[in-house]
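*Asks:* The following comprises the amino acid sequence and a computationally predicted model.
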Amino acid sequence: MSVDNPNQEYRTREEYKRAKAEELQRKKDAEKRAKDEARQQKDAAEKRAKDEARQQKDAAEKRAKDEARQQKDAEKRVKDEARQQRDAEKRAKDEARQQKEAEQRAKDEVQKTKDAEQRAQAVARKQQTQTVTQKTENAEKQSQALTQKIQSADQQATIKAPSQKGEKGTTSKVKKTEKSATREVQRTKESKNVETEPVSHKRIRIRLIPIWLRIILLLVLVIVSVMTGAVVGYGMLGGGEIAEVFKESTWTHILDLVDKGK
């Protein structure tokens, strides 16, 4: 009698007990194996779930870190662009202030030259008027001296008149002296007119801007025109940034391209 078949007969009771014990042992082993398999499956499932949860958590943390880093990089780029823009505005303000200062200095120089020329003209006019007044005073003194001589001659002629012949001679002398005096007075007047005419019609050349100031203004205008041309050509027509025109790296890059093209 076997264990599977209860109707089977065993030769002895010990065999039956042994068969029953073996059957119980097989059942226990099968249950244990089933439990082990279930536990292994459960452990594997839990492990897979934990691994998946850990992977998802790591992926989520990694994505969050990447997004945070990208956001920080974007904020840093925005800050850099804002700082560059502020620097460009500051440079533009400094250049505008320097240009205004240069224009103010040029205006001051022009005003100084105008003042100096006006003072020189005033001094020249003063000197001319002084010379004219001195000449007129000298002419008046000469005319006064001649009139005094004529008066003294008349007095002498009236005192010394002994006879008619003598009177005729003295009158003729007085007339001659009067004629000569009047001629001398006319000559002095003509000389006054001749001396005063070139003074009144004399043209004085006035130079408002001196040569050295013209050279400085020319250089300033050349520099300003070159800068404006570079800004228009590179920034507006070329599509680049205006602030890059004033950087040394831009021009070195252009020179490198020109050297490579040769």
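*Replies:* Sure, I can see it. What you see is a predicted model, and the numbers here were worked out from it, not measured in a lab.
*Asks:* Check what contacts stretch 91-110 and list those residues.
*Replies:* Counting by CB atoms under 8 Å, 6 or more residues apart in numbering, stretch 91-110 makes contact with 208, 209, 213, 216, 217, 220, 224, 243, 246, all of which sit outside it. All C-beta spots, glycine's among them, are computed from the backbone N, C-alpha and C.
*Asks:* Farthest-apart pair in those residues, please.
*Replies:* 208 and 243 (38.6 Å; CB to CB).
*Asks:* For residue 24, state which of the contacts of stretch 91-110 is nearest.
*Replies:* Nearest to residue 24 among the contacts of stretch 91-110, counting by CB to CB, is residue 243 at 93.0 Å.
*Asks:* Can you check the pLDDT for the closest one?
*Replies:* Here the pLDDT value assigned to residue 243 is 85.
*Asks:* what sits against it?
*Replies:* For residue 243, the contact set (CB under 8 Å, 6+ apart) comprises 84, 87, 88, 91.
*Asks:* circling back to that earlier point, as JSON lines, the contacts of stretch 91-110 with distance to residue 140 and secondary structure would be great.
*Replies:* Listed next are the contacts of stretch 91-110 as JSON lines, based on distance: CB to CB, whole Å; DSSP: H, G, I helix; E, B strand; the rest coil:
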{"residue": "208", "distance to residue 140": "40", "secondary structure": "coil"}
{"residue": "209", "distance to residue 140": "44", "secondary structure": "coil"}
{"residue": "213", "distance to residue 140": "46", "secondary structure": "helix"}
{"residue": "216", "distance to residue 140": "52", "secondary structure": "helix"}
{"residue": "217", "distance to residue 140": "51", "secondary structure": "helix"}
{"residue": "220", "distance to residue 140": "56", "secondary structure": "helix"}
{"residue": "224", "distance to residue 140": "61", "secondary structure": "helix"}
{"residue": "243", "distance to residue 140": "77", "secondary structure": "helix"}
{"residue": "246", "distance to residue 140": "73", "secondary structure": "helix"}
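*Asks:* Using ChimeraX, define a selection of the buried residues within the residues you listed.
*Replies:* Provided next is the ChimeraX selection string for whichever of the contacts of stretch 91-110 are buried by 16 or more other CB atoms under 10 Å:
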select :217,243
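*Asks:* now, among the contacts of stretch 91-110, which is nearest to residue 47?
*Replies:* With CB to CB as the yardstick, the closest approach to residue 47 among the contacts of stretch 91-110 comes from residue 243, at 59.6 Å.
*Asks:* I'd like the distance between the residue positioned nearest the centre of the chain and residue 85.
*Replies:* Nearest to the mean C-alpha position of the chain, by CA atoms, centre = their mean, lies residue 95 at 1.4 Å. According to CB to CB, to the nearest Å, residue 95 stands 16 Å off from residue 85.
*Asks:* thinking again about what came up before, among the contacts of residue 243, which ones are in helices?
*Replies:* Residues of these located in helices (DSSP state H): 84, 87, 88, 91.
*Asks:* JSON lines for these, including neighbour count, pLDDT and distance to residue 76?
*Replies:* Output for the ones in helices among the contacts of residue 243, formatted as JSON lines (neighbours: other CB atoms under 10 Å; pLDDT from 0 to 100; distance: CB to CB, whole Å):
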{"residue": "84", "neighbour count": "13", "pLDDT": "92", "distance to residue 76": "12"}
{"residue": "87", "neighbour count": "11", "pLDDT": "92", "distance to residue 76": "16"}
{"residue": "88", "neighbour count": "15", "pLDDT": "90", "distance to residue 76": "18"}
{"residue": "91", "neighbour count": "13", "pLDDT": "90", "distance to residue 76": "22"}
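*Asks:* Perfect, I'm done here.
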